[in-house]
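**Student:** Build me a model from this:
(chains A, B, C and D)
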Protein chains: 2
Amino acid sequence: MSASLPPLIHVVDDDESLRTALLRLLGAAGFEARGYATTGNFLLWPPPDRPGCVLLDVRMPGPSGLDLQAALQRQNNPLPVVFLTGYADVAASVRAMKAGAVDFLTKPVEREALFEAIQRALAHDAAQRMARAEAERLRAAFATLTPREREVFNRIVLGQINKQIADALGIAERTVKIQRAQLMTKLGAGSAAELGRLAERLRHLPD
Amino acid sequence: MSASLPPLIHVVDDDESLRTALLRLLGAAGFEARGYATTGNFLLWPPPDRPGCVLLDVRMPGPSGLDLQAALQRQNNPLPVVFLTGYADVAASVRAMKAGAVDFLTKPVEREALFEAIQRALAHDAAQRMARAEAERLRAAFATLTPREREVFNRIVLGQINKQIADALGIAERTVKIQRAQLMTKLGAGSAAELGRLAERLRHLPD
DNA sequence: AGCTCCATTGCCCTTTCGTCCAATAGTTTC
DNA sequence: GAAACTATTGGACGAAAGGGCAATGGAGCT
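**Tutor:** Predicted coordinates:
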């Protein structure tokens, strides 16, 4: 396993002085950070696939922070979002939190609250990345199975024995054994118990 | 499976006229509902174990709605919470949402928004109940295993075969076979694959 | 046409599993 | 003290799993 890259923090705010202040603050704390004056700028420079999070203003000229949050969610690798806003707007805060924001802070932001939120966002991102990577490995392994092997796999994890599978599929038991051996190799499973565990993990992945 | 009881909605608000209005509105919509003037009243009459949700005012004399939410979370069977508040308070709304509230509505509440939130809360509750019941069944089944059976179980799901388990535990293979058969009966599993699935599900339960 | 991948089958052999028989002994419980 | 539960072992038998060897046939790609 290679150590993952250091996190990159994206600051999206149309208030330039605040933005540069934030970037300075983050830099002083040892974070790498980039600033964007509009949601459009952020989407134009698609961030590299690195751990990180987004500090997002709600009200900006053009598409709002909530719009950008929605756009991020539609991606497959959404970065966690922490909102920063100058206007007390309960409806916006509730909407943002329901959409999965890590936090919703009001300006002026207290240093401590900001860094606490960033820590949680980065932790969230790290966990998400691990889960996504794991899911990807699983999916990739299953993608190498042929239709027949998939069929046999499903019946094995249901507890059927080779003879039952052979009868159900109208083929010889010998054939089932071969496909069973092949799918176990492909999935890297050494036993029926491991097949069951893989099946259960697969079931809990969003299709 | 018995059909579960109809949901019961708890309205906690110190404003009596609003409370009775809400109760009337909910009753007219076909819901069973109860009112409480204070958080203390709610905690004094512990709600029966029924599907439902809580409509909760934030500011009340005595413990606040947020306090009650925290108390509910500490229970093992928390009811989903929908907040209703007369004061626009971003900090409170964010705190409530971070603590898992289903929604945070501001008075005057629109009928539609209220019912939409209630529907989501009840759906959330139903899903939670199913998951909790499932988890309980699993736990109960595992609780009947003896220490030795648990040990054998763990090794089976790791893919070890009887002989390996016997060697590792310093006992005869014959003994392992018996404990294996016993634990499979107790867990209602018919195959090693099912044992693997049970193990994976167990792993994903909060210990 | 040649090659690779997938699906298929039969025979045979070894290992492992699932159970049947019967038996001993420590602990906890009533 | 007896009953119940748990842990333990031995021998033995049939069923199931895993794999080696050899072979056929269709689909798709170069």
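**Student:** if I look at A:L56, how far off is A:V82?
**Tutor:** Distance of A:L56 to A:V82, computed by CB to CB, to the nearest Å: 7 Å. C-beta: built from backbone N, CA, C; applies to glycine.
**Student:** How about A:L169?
**Tutor:** Plainly put, A:L169 is 53 Å away from A:V82 if you go by CB to CB.
**Student:** same deal with A:G30?
**Tutor:** Shown here: A:G30 relative to A:V82, a distance of 18 Å by CB to CB.
**Student:** Who has more neighbours out of the two?
**Tutor:** Between A:G30 and A:V82, counting by other CB atoms under 10 Å in any protein chain shown, A:V82 is the more crowded of the two (23 against 7).
**Student:** The more buried one looks like it's in a helix, true?
**Tutor:** No: remark: A:V82 does not belong to a helix; assigned using DSSP: H, G, I helix; E, B strand; the rest coil, it is strand.
**Student:** And A:Q75, what's its pLDDT?
**Tutor:** Taken from the predicted model, the pLDDT recorded for A:Q75 is 88.
**Student:** and if you look at the one 10 residues further on?
**Tutor:** Model confidence at A:T85, given as pLDDT, is 93.
**Student:** What helix or strand is the residue positioned nearest the centre of chain A located in?
**Tutor:** Using CA atoms, centre = their mean, the residue of chain A that lies closest to the mean C-alpha position is A:Q128, 4.3 Å off. With secondary structure defined by DSSP states H and E, A:Q128 is part of helix A:111-143.
**Student:** got a list of contacts for the helix or strand bottoming out on mean pLDDT in chain A?
**Tutor:** Within chain A, no helix or strand scores below helix A:39-44, which has a mean of 92 by mean pLDDT, DSSP states H and E. By CB atoms under 8 Å, 6 or more residues apart in numbering or on different chains, the surrounding residues in contact with helix A:39-44 are A:10, A:12, A:36, A:54, A:60, A:62-65, A:67-68, A:71.
**Student:** same deal with stretch A:98-112?
**Tutor:** Contacts of stretch A:98-112 from elsewhere in the structure, counted by CB under 8 Å, 6+ apart, are A:18, A:25, A:53, A:66, A:69-70, A:73, A:80-86, A:88, A:93, A:96-97, A:113-114, A:117, A:120-121, A:124, B:90-91, B:94, B:97-98, B:103.
**Student:** all helices of chain A, in order?
**Tutor:** Shown for chain A, the helices assigned by DSSP state H span residues A:16-28, A:39-44, A:65-74, A:90-98, A:111-143, A:147-157, A:162-169, A:173-187, A:192-203.
**Student:** For the third one, C-alpha coordinates in PDB please.
**Tutor:** Taking Å, rounded to 0.1, in the frame of the first residue of the first chain, the C-alpha atoms of helix A:65-74 are listed here in PDB:
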ATOM      1  CA  GLY A  65     -22.900  26.800  -3.000                       C
ATOM      2  CA  LEU A  66     -25.900  24.500  -2.600                       C
ATOM      3  CA  ASP A  67     -25.900  24.100  -6.400                       C
ATOM      4  CA  LEU A  68     -22.200  23.100  -6.300                       C
ATOM      5  CA  GLN A  69     -22.900  20.700  -3.500                       C
ATOM      6  CA  ALA A  70     -25.600  19.000  -5.500                       C
ATOM      7  CA  ALA A  71     -23.200  18.800  -8.500                       C
ATOM      8  CA  LEU A  72     -20.600  17.200  -6.300                       C
ATOM      9  CA  GLN A  73     -23.000  14.600  -5.000                       C
ATOM     10  CA  ARG A  74     -23.800  13.600  -8.500                       C
END
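**Student:** is that helix anywhere near chain B?
**Tutor:** No: with CB under 8 Å from any CB of the partner chain as the measure, helix A:65-74 is seen stopping short of chain B, the closest distance being 14.1 Å.
**Student:** name the helices or strands packed onto that helix?
**Tutor:** In terms of contact count using 3 or more CB pairs under 8 Å, 6 or more residues apart in numbering or on different chains; DSSP states H and E, helix A:65-74 is assigned the packing partners helix A:39-44, strand A:52-57, strand A:81-85, helix A:90-98.
**Student:** Those into CSV, with extra columns for distance to B:P108?
**Tutor:** Output for the helices and strands packed on helix A:65-74, formatted as CSV (distance: least, CB to CB, whole Å):
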stretch, distance to B:P108
helix A:39-44, 33
strand A:52-57, 29
strand A:81-85, 24
helix A:90-98, 14
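**Student:** If any of the contacts of helix A:39-44 are buried, give me the ChimeraX selection for them.
**Tutor:** Taking 16 or more other CB atoms under 10 Å in any protein chain shown as the burial criterion, the selection of buried members of these in ChimeraX is written as:
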select /A:10,12,36,54,60,64,65,68
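**Student:** Show me which of the contacts of helix A:39-44 is closest to DNA strand C.
**Tutor:** Using CB to the nearest atom of the strand, the shortest approach to DNA strand C within the contacts of helix A:39-44 belongs to A:A71, at 38.0 Å.
**Student:** so who does that closest one touch?
**Tutor:** By CB under 8 Å, 6+ apart, the contact set of A:A71 is A:39, A:43, A:63.
**Student:** Now tabulate those in a markdown table and tack on distance to A:A133.
**Tutor:** Supplementary listing: the contacts of A:A71 in a markdown table, determined by distance: CB to CB, whole Å:
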| residue | distance to A:A133 |
| --- | --- |
| A:T39 | 28 |
| A:L43 | 25 |
| A:P63 | 30 |
